[in-house]
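Participant: Next input, structure requested:
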Amino acid sequence: MKRKETTKNSTKKRVAFSFFKKHKALSVSLVIIAAAVASFLVVNYGRYVKDIIQVYYLRTKNFYFNSDKLTILGKTYQINPWDGTEPYTININMNSFANSLKGTEDNIVYDVRCVADTNSVCYFGTMGTTTQRRTIYSANHTDNFVVTVALKNGIDPDDIHDVNVQIIASSVSPYEEELKATFNLVIGDYGVGYKIEDEAGRLYMDALVSNATPNDTYKFVLEITDVSKYSIDMSNNILSAPGTVVVEDAQKNIKRIEFNVEPKSSMMVRYYKSNPEENKTYPNDNGLPPAINISYTKIT
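Facilitator: Here you go, the predicted structure:
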């Protein structure tokens, strides 16, 4: 019996060897593809682990470099619609808060830059200014800047579907950390809209509102449906913005906020979930109601 097993195994090895011998080109291709895939997975997983370790280390140093839109891994936002004929402004809020009571004790000096695709330009303040050095002062722990996006001269909005702009903020002092995001501006008709972005396993959800009209300001009202399940992130800059109305219930929980969104602007408000496994994306395909009721009215 032992001799038969040996012979059988040897036969299998000879067949396998014979196959690879007859198909050398295919064998080499398979090896190269396998190596490339393995390398890709190792490199990307390694970067992910490195980012997690770096964030943990910086938090032990009481260093908090945050944004309402930019993230460590780089989030992608879709702004829809944009007519493409007028410049579009993206408001970015930065902060150095750990929570509503604690923040980084030092001023944070950081560089911000924008990178546009081949059909568009982006800039800070004046055309051609694609980089800027800024500071988050420890006195108030907040800073904000505006990135303007426009089509290049000679580009017809009817000839393209969308443009992409990446915004990167890199802290210089007292520690180094990078946050980024990509903004996809879809060219279409003017409009006002909102949505809630979420995913199962995440502690928070983001309510995104946009006003792509050229001249009108809109008042948005965001109301939590159940304060026992959802709560607003107290580090949202919109809470301290001029003109924002905050409404609390009898237990002092923030139930509703009201704020204005200027023409050609967008805003994100973050909320926390008591059950991270929920997915409160809205609109959704399963007909579930939103966790945050959102409405808007034109005020000018």
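Participant: Check Ile33 and give its pLDDT.
Facilitator: Reported pLDDT at Ile33 in the predicted model: 57.
Participant: Pull the number of nearby residues for Gly128.
Facilitator: 8 (other CB atoms under 10 Å). (C-beta placed from N, C-alpha, C; glycine too.)
Participant: Kindly check the end-to-end length of stretch 250-263 for me.
Facilitator: 35 Å (CA to CA, to the nearest Å).
Participant: Mind checking the pLDDT average for that stretch?
Facilitator: On average, stretch 250-263 scores 95.
Participant: Contacts for that stretch, please.
Facilitator: Around stretch 250-263, the neighbours that count as contacts under CB atoms under 8 Å, 6 or more residues apart in numbering are 209-211, 213-224, 227, 231-232, 238-239, 241, 243-249, 267, 269, 296, 299.
Participant: how near is the closest residue to Ser240 other than its chain neighbours to Asn99?
Facilitator: For Ser240, ignoring the flanking residues on the chain, the nearest one in space by CB to CB, 6 or more residues apart in numbering is Thr142 at 8.0 Å. According to CB to CB, to the nearest Å, Thr142 and Asn99 sit 14 Å apart.
Participant: These two: which is more packed in?
Facilitator: Thr142 (17 against 10).
Participant: which residues does the more buried one contact?
Facilitator: Residues counted as contacts of Thr142 (CB under 8 Å, 6+ apart) are Asn93, Met94, Asn95, Ser96, Ile136, Asn237, Ser240.
Participant: now the residues you listed as a markdown table including neighbour count, secondary structure and distance to Glu105?
Facilitator: Shown next, in a markdown table, are those (neighbours: other CB atoms under 10 Å; DSSP: H, G, I helix; E, B strand; the rest coil; distance: CB to CB, whole Å):
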| residue | neighbour count | secondary structure | distance to Glu105 |
| --- | --- | --- | --- |
| Asn93 | 20 | strand | 20 |
| Met94 | 25 | strand | 17 |
| Asn95 | 22 | strand | 14 |
| Ser96 | 25 | coil | 9 |
| Ile136 | 26 | strand | 12 |
| Asn237 | 20 | helix | 20 |
| Ser240 | 12 | helix | 20 |
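Participant: Same list (these) but as a markdown table, adding distance to Gly128.
Facilitator: A markdown table is the format used below for those (distance: CB to CB, whole Å):
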| residue | distance to Gly128 |
| --- | --- |
| Asn93 | 24 |
| Met94 | 23 |
| Asn95 | 28 |
| Ser96 | 29 |
| Ile136 | 25 |
| Asn237 | 28 |
| Ser240 | 33 |
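Participant: so can I have a markdown table of these showing distance to Val165 and pLDDT?
Facilitator: As requested, the contacts of Thr142 are arranged in a markdown table below (distance: CB to CB, whole Å; pLDDT from 0 to 100):
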| residue | distance to Val165 | pLDDT |
| --- | --- | --- |
| Asn93 | 17 | 93 |
| Met94 | 17 | 96 |
| Asn95 | 22 | 95 |
| Ser96 | 25 | 95 |
| Ile136 | 22 | 98 |
| Asn237 | 21 | 88 |
| Ser240 | 27 | 89 |
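Participant: Surely Tyr175 touches Asn62?
Facilitator: No: look at Tyr175 against Asn62 with CB atoms under 8 Å: they stay out of range, at 10.1 Å.
Participant: partner residues bridging the residue nearest the centre of the chain?
Facilitator: With distances taken as CA atoms, centre = their mean, Lys75 lies nearest the centre of the chain, 2.7 Å away. Note on Lys75: beta-bridge partners Ala181, judged by DSSP bridges.
Participant: Distance-wise, check it relative to Arg270.
Facilitator: 12 Å.
Participant: list residues touching both of those two?
Facilitator: In contact with both Lys75 and Arg270: no residue, using CB under 8 Å, 6+ apart.
Participant: Please name the spatially closest residue to Pro87 (chain neighbours excluded).
Facilitator: Ala150 (4.2 Å).
Participant: Checking my notes, Asn238 in a helix, right?
Facilitator: No, residue 238 isn't Asn; it's Ile. Yes: under DSSP: H, G, I helix; E, B strand; the rest coil, Ile238 falls within a helix.
Participant: surely it meets Thr244?
Facilitator: Yes: at 5.7 Å, Ile238 and Thr244 qualify as touching, with contact defined as CB under 8 Å.
Participant: of the two, who's got more company?
Facilitator: Neighbour totals were compared for Ile238 and Thr244, and Ile238 leads with 20 against 14 (other CB under 10 Å).
Participant: could you show me where the strands are in the stretch 101-250 of the chain, in order?
Facilitator: With strands called from DSSP state E, counting those that start in this stretch, the stretch 101-250 of the chain shows them at 102-103, 108-116, 120-123, 131-136, 142-151, 162-173, 178-187, 192-197, 204-211, 218-224, 230-232, 245-248.
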